[in-house]
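**Student:** coords please:
(2 chains)
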Number of protein chains: 2
Amino acid sequence: MTIGIGLLGLGTVGAGVAGIINNPDGRHPLVGQLALKRVAVRDPQRPRPVDLPAEILTTSPEAVVDDPAVDIVVEVMGGLEPARSLILRAIAAGKPVVTANKAVIARYGEEIAAAAAEQGVYVLIEAAVGGGIPIIEPLKQSLGGNRIQRVSGIINGTTNYILSRMADEGAAYDAVLADAQQLGYAEADPAADVEGGDAADKIAILAGLAYGGSIERGAIPTEGINRLQSRDVNYAAQLGYVVKLVASAQFLGTDADGSVQLDVRVSPTLLPKEHPLAGVHGVNNAILVEGDPVGRVMFYGPGAGAGPTASAVVADILNIAGIREASGAQGGLDPLLAANRWRRCRLVEPGATRHRNYIRLHTTDQAGVIGKIGGCFGDEGVSIRSIVQFESSTAGSDAEIVVITHDVPEANFRRALAAIEALADVRTVAACLRTL
Amino acid sequence: MTIGIGLLGLGTVGAGVAGIINNPDGRHPLVGQLALKRVAVRDPQRPRPVDLPAEILTTSPEAVVDDPAVDIVVEVMGGLEPARSLILRAIAAGKPVVTANKAVIARYGEEIAAAAAEQGVYVLIEAAVGGGIPIIEPLKQSLGGNRIQRVSGIINGTTNYILSRMADEGAAYDAVLADAQQLGYAEADPAADVEGGDAADKIAILAGLAYGGSIERGAIPTEGINRLQSRDVNYAAQLGYVVKLVASAQFLGTDADGSVQLDVRVSPTLLPKEHPLAGVHGVNNAILVEGDPVGRVMFYGPGAGAGPTASAVVADILNIAGIREASGAQGGLDPLLAANRWRRCRLVEPGATRHRNYIRLHTTDQAGVIGKIGGCFGDEGVSIRSIVQFESSTAGSDAEIVVITHDVPEANFRRALAAIEALADVRTVAACLRTL
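**Tutor:** The predicted model follows:
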């Protein structure tokens, strides 16, 4: 049985997908049953790394979606529109969709999921998070017996590359960013990466799958690395930590109506050096899932790139093809793969969470300052793991004090911090980061 | 739709599975559609951690398999017989099987797979390798678009625990093994773990899935850690390596008839400290899959234990239940999940492989020894990465020389080693290990 594939877009990922489908040798035999039937491109004349018969190319993406020979629509054109409309058009035609388009899923995921559920078709998105790392499918299909306690990950390669170099070289953020841009690891406009928005898009997707409900993307507290100072990376290293941009979703409890309470956030975070995520270097990604009874499992690999992304897209195509072989084109949906929402998720108020914290204070170099700071924390019941005074690098009589707290209620921590800021000896709270 | 589960065995894993099925809250809703219908136990009177109605317990495993209310048979009793016969009985009755029994799959996998293919039922084995780590399913379902170049892993928790402690404490193998036995991390008879047999069973399963063919288990060169000396662990550390028991399966090429040539082996192996597998500590497992075009992806987590294993067993149950919901009880098989063999795999002769090598030589402390050793390697075209003379810890005029080679043909390396052993200044080749 041949399964017709329609490709929307023939950029690097699209060409990678076409290359796999057209060279099935040595891959799973199901790849050999896939056939590229129609491919939408902007300019049919442009030379491409993959050789396709001219008659399957078209400049009309609608023609791809509507082609009766196309059984599965693969959207790898990127951008919001016309990608969103084309996905909805495919769903309306009863055709399953595979997309690598995180931006569309993060913004229109609910609309797309609702349409897919109504039509009874799959919309699969393995490539949208973690590049080539199988993470969407394992979350959907392998961990369903668990109560998920936390999903945390390094899911933005650009920022991890920058942080790795800051840690290795003691370099400043701006300098590494400029270099990363030159090397092509960061975009000319790096805002979506360095301000944490891309990671927030992705953790919204992962948390939605892990907890079975829709995550309010706009409500995710998001802090990037763009204000991170190399000084804090260096102090963290001296204290046995690595700074990473961590996106996490933690289960806090259940409301009376069965809604799940979650703490979902993106923030630069200190990880103890022996933490599984601490060893993730460069543009690699890793996602740690903690569940009962599985414990901690981690998925690691290249978080971006044409090859890894194409591998993930083909994984989704094969899954749809495999189920179609089992159940026929008119079969029902596998509820694991379809991943319909099954409960409500809500993000708790920031003050209602608990965290370990790292703060750096700029203080006068007076005897007794540490005692006063400790007193402010003690008054709020915030227990401290360590207070260390570092040699001040600025001239004069100032000091730098780094405090790491135990796991404490956010509200108490904030009150203590306000009291510390009001101390005469404290000039500024120069940095405030999470610690795992 | 309720799906009836029959459980063969109610030990720690079986009780874990029963506990998940009987407490579906907060798990995927499909768990709520599973119902324990019949459970085979040896002694119905024994108190158990999980509360089951007396009428579903039976001492007859055949009664579980034959019960018409049982849709899926879950074998968690362990051992070879009657486990094998019961699995075959379930298959003959057209019932899908989930098993955590690596021993049965490693020994009777072909017989079981053939019977399952003939009857058109699934036999799923996620729990047989890597404990709670989702690895079987990702290999089957998420990486099918790839040409797999290598699968390598730390897949025996006992030996990794022992090696971690040898590295951390500089302790001797025998002392750590005795302690591990006391702590319950190693069996009273540790042979299957420390001699590498367990890891060989598992890499045979992983390689069979990665390359789509049956692996001749008995032909896998297998070396354990039972003759490893702490001295080599320490020298490796000084040279920037960690010693791990690595099981690997590497693609070497394809025969004219399409058969795949593989180098499959289990051996103590030096890993550069920055290698993804080098950071896997204690009883954790990790499997690294290298493929084109995905690159390197790694799966990490607890390699054993009742909870993780139960999570993997339930993953398989859910997958069968999910597909059944899509295609009905009479539907066909998803070829990805069924994982039928689709090509022949053969292990190449050991001399036809290539490796990096670590050797430790016991030599006289004469000027010129290093030159002679280097000459023997040079004569065979074996290029050397480093030669280091360590201070001899034994009395007298002896020296210890450690050589690490580049990636070289095994046959040439063996010839060079024979020439070195014949040198008058060389007392013994005291250790010979692989290096990645």
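
**Student:** and the helix ranked longest in chain A, is it in reach of chain B?
**Tutor:** In terms of residue count, the longest helix belonging to chain A (DSSP state H) is helix A:306-327. Yes. Against chain B, helix A:306-327 shows contacts by C-beta under 8 Å from any C-beta of the partner chain at A:306-308, A:310-312, A:314-315, A:317-319, A:322-323, A:325-327. Where you see a C-beta, it was placed from the backbone N, CA and C, and this is true even at glycine.

**Student:** how does chain A divide into domains?
**Tutor:** Chain A breaks down by automatic domain parsing into domains covering A:3-131+A:306-341, A:145-302, A:352-435.

**Student:** Could you export the ones you listed as JSON lines, including mean pLDDT and mean neighbour count?
**Tutor:** Converted to JSON lines, the domains of chain A look like this (pLDDT from 0 to 100; neighbours: other C-beta atoms under 10 Å in any protein chain shown):
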{"stretch": "domain A:3-131+A:306-341", "mean pLDDT": "94", "mean neighbour count": "20"}
{"stretch": "domain A:145-302", "mean pLDDT": "96", "mean neighbour count": "21"}
{"stretch": "domain A:352-435", "mean pLDDT": "92", "mean neighbour count": "16"}
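
**Student:** Export the ones you listed to a markdown table and append columns for distance to residue B:34.
**Tutor:** Converted to a markdown table, those look like this (distance: least, C-beta to C-beta, whole Å):
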| stretch | distance to residue B:34 |
| --- | --- |
| domain A:3-131+A:306-341 | 13 |
| domain A:145-302 | 9 |
| domain A:352-435 | 34 |
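
**Student:** Of all these, which one is nearest residue B:161?
**Tutor:** Proximity to residue B:161 (C-beta to C-beta) singles out domain A:145-302 among the domains of chain A, at 15.4 Å.

**Student:** Can you give the distance from the helix or strand where residue A:289 lies to the centre of its chain?
**Tutor:** Assigned by DSSP states H and E, residue A:289 belongs to strand A:284-292. Centroid separation for strand A:284-292 versus its chain: 11 Å, with C-alpha atoms, centre = their mean, to the nearest Å.

**Student:** counting contacts, what elements does that strand pack onto?
**Tutor:** Taking 3 or more C-beta pairs under 8 Å, 6 or more residues apart in numbering or on different chains; DSSP states H and E as contact, the helices and strands that strand A:284-292 lies on are strand A:147-154, helix A:157-169, strand A:295-302.

**Student:** Looking at the ones you listed, which is nearest to chain B?
**Tutor:** Among the helices and strands packed on strand A:284-292, strand A:295-302 comes nearest to chain B, with 3.5 Å by C-beta to the nearest C-beta.

**Student:** Partner strands of that closest one, with direction?
**Tutor:** Sheet partners assigned to strand A:295-302 using DSSP bridges are listed as strand A:284-292 (antiparallel), strand B:295-302 (antiparallel).

**Student:** Which of those strands sits closest to residue B:175?
**Tutor:** Residue B:175 sits nearest to strand B:295-302 of all these, at 25.0 Å, using C-beta to C-beta.

**Student:** List the contacts of the closest one.
**Tutor:** A:132-134, A:276, A:294-302, A:305, A:307-308, B:130-135, B:138, B:143, B:157, B:276-277, B:280, B:283-291, B:308 (C-beta atoms under 8 Å, 6 or more residues apart in numbering or on different chains).

**Student:** And the closest residue in space to residue A:312 that isn't next to it in sequence, how close does it get to chain B?
**Tutor:** Closest residue to residue A:312 in three dimensions, ignoring its sequence neighbours and counting by C-beta to C-beta, 6 or more residues apart in numbering or on different chains: residue A:127, at 3.7 Å. Separation of residue A:127 from chain B (C-beta to the nearest C-beta, to the nearest Å): 11 Å.

**Student:** Would you mind confirming that residue A:127 is in contact with residue A:13?
**Tutor:** Yes. With contact defined as C-beta atoms under 8 Å, residue A:127 reaches residue A:13; the gap is 7.5 Å.

**Student:** what's the overlap in contacts for the two?
**Tutor:** Joint contacts of residue A:127 and residue A:13 (C-beta under 8 Å, 6+ apart) are A:100, A:309, A:310, A:313.

**Student:** any idea which of those residues is the one closest to residue B:171?
**Tutor:** Nearest member of the shared contacts of residue A:127 and residue A:13 to residue B:171, counting by C-beta to C-beta, is residue A:309, at 45.2 Å.

**Student:** Pretty sure that closest one sits against residue A:128.
**Tutor:** No. Checked against C-beta under 8 Å, the pair residue A:309 and residue A:128 is beyond contact range at 9.3 Å.

**Student:** any residues in contact with both of the two?
**Tutor:** Between them, residue A:309 and residue A:128 share these contacting residues under C-beta under 8 Å, 6+ apart: residue A:100.

**Student:** Regarding the residue with the largest distance to the centre of chain A, which helix or strand does it belong to?
**Tutor:** Centroid-distance maximum for chain A: residue A:367 at 44.8 Å, with C-alpha atoms, centre = their mean. For residue A:367, there is no helix or strand it lies in under DSSP H and E.
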